[in-house]
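A.B. asks: Predicted model, plus sequence, below.
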Amino acid sequence: MADFIERFEPLARDYDVLLCDVWGVVHNGLAAFPAACEALTRFRAGGGTAILITNAPRSGEAVARILDRLKVSREAYDAITSSGDVTRSIVKARLAESVFHLGPERDLSIFAGLDVRFAPAESADYVVCSGLFDDTTETPENYRDLLAALQARGLFMVCANPDIVVERGDALVYCAGALADAYAARGGKVLYCGKPHAPIYELALATAAKLRGGKTPRRQRVLAIGDSVRTDLKGAAALGLDCMFITSGIHAEEYGSRAAPDLAALNAMFAAAGVMPRGVMRELVW
């Protein structure tokens with residue numbers, strides 16, 4: 001059974017590397033969470049390595065620029081590993097094929113610097129899905145006909161963001177994972193680039209090793225931090241990593257409220273998912 005932890009500092013001593021989720025832990029899409037940024041900064045000051053690991057469908061460099069605008073200090077992290085980075089590696093291997101980009105223009109940084117041939121859905125060789133065209137007004141239901149047409153052509157889909165929903169301020173908006181899951185349910189073939197799947201964790205751990213003088217961190221000394229059972233908690237468990245669960249994120253209303261989450265409801269949710277975090281925090285606080 002998981003229990004609440006009020007402060008991260010006592011637990012931090014058990015770890016050398018943090019793989020920290022971004023949206024919902026470090027910021028809410030509109031502003032940084034100062035306490036979380038301070039906690040990461042202090043962890044680094046004590047000799048730890050903090051890798052931000054995010055399902056953002058953009059390159060790590062593009063994510064860093066967004067974090068700058070949200071006032072997330074660069075002192076809070078050593079590096080960023082994004083599902084966009086993993087997606088780019090797949091696109092590089094398929095440059096001979098044309099791609100249909102299903103997602104908003106703001107995600108085009110995935111393809112920056114690559115000699116990509118874009119094509120419409122009717123003629124493309126495969127699909128990169130980074131989200132809804134307009135996540136402020138649309139839902140996956142708006143894509144029923146498009147997904148049916150893609151599946152009828154048997155197109156392979158690369159999902160650049162396995163998240164189903166994410167917080168934007170106090171609202172939840174749909175992400176690429178919602179479309180990819182709907183496509184897979186139709187029988188479409190999907191490759192998921194981000195959490196909870198292994199490639200993004202392997203890239204993050206390789207980055208941590210480089211930053212730590214080439215020494216691969218022992219997995220029992222690596223802690224994942226996140227607010228999603230489906231991505232953060234299950235992804236960490238699959239790789240044999242401990243996880244700290246943050247309750248102020250996307251699941252907040254499922255177990256009471258943000259201000260007073262219900263521990264019994266939380267543990268029931270963890271048990272139903274077959275995963276259990278090392279501990280639970282309302283927000284990341286040193």
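C.D. replies: That came in fine, so what should we check first?
A.B. asks: Give me the pLDDT for the residue nearest to V222 when sequence neighbours are not counted.
C.D. replies: Using Cβ to Cβ, 6 or more residues apart in numbering and skipping residues adjacent in sequence, the residue nearest V222 is V17, 4.6 Å away. In short, each C-beta sits where N, CA and C put it, glycine included. Looking at V17, its pLDDT reads 98.
A.B. asks: Please apply the same query to H251.
C.D. replies: 52.
A.B. asks: just the one 5 residues further on next, same as before
C.D. replies: At G256, the pLDDT value in this model is 56.
A.B. asks: Now for I51, which secondary structure element holds it?
C.D. replies: Under the criterion of DSSP states H and E, I51 resides in strand 49-54.
A.B. asks: Just the buried positions in that strand, please.
C.D. replies: For strand 49-54, a neighbour-count test (16 or more other Cβ atoms under 10 Å) marks 49-54 as buried.
A.B. asks: Averaged pLDDT, whatever helix or strand comes next after that strand. What do you get?
C.D. replies: Downstream of strand 49-54, the first helix or strand assigned by DSSP H and E is helix 60-69. Average pLDDT, helix 60-69: 94.
A.B. asks: helices and strands around helix 60-69, which ones?
C.D. replies: In this structure, helix 60-69 makes packing contacts with strand 49-54, strand 79-82, helix 83-92, judged by 3 or more Cβ pairs under 8 Å, 6 or more residues apart in numbering; DSSP states H and E.
A.B. asks: go with 6 Å
C.D. replies: Helix 60-69 sits against strand 79-82, with contacts defined as 3 or more Cβ pairs under 6 Å, 6 or more residues apart in numbering; DSSP states H and E.
A.B. asks: what's next to the strand it packs on, contact-wise?
C.D. replies: For strand 79-82, the surrounding residues in contact (Cβ atoms under 6 Å, 6 or more residues apart in numbering) are 51-54, 56, 60, 63-64, 203-204, 207.
A.B. asks: give me the number of residues near the closest residue to K92 other than its chain neighbours?
C.D. replies: Take K92 and drop its neighbours on the chain: the residue closest to it by Cβ to Cβ, 6+ apart is L114, 6.3 Å away. Residues lying near L114 (other Cβ atoms under 10 Å) number 11.
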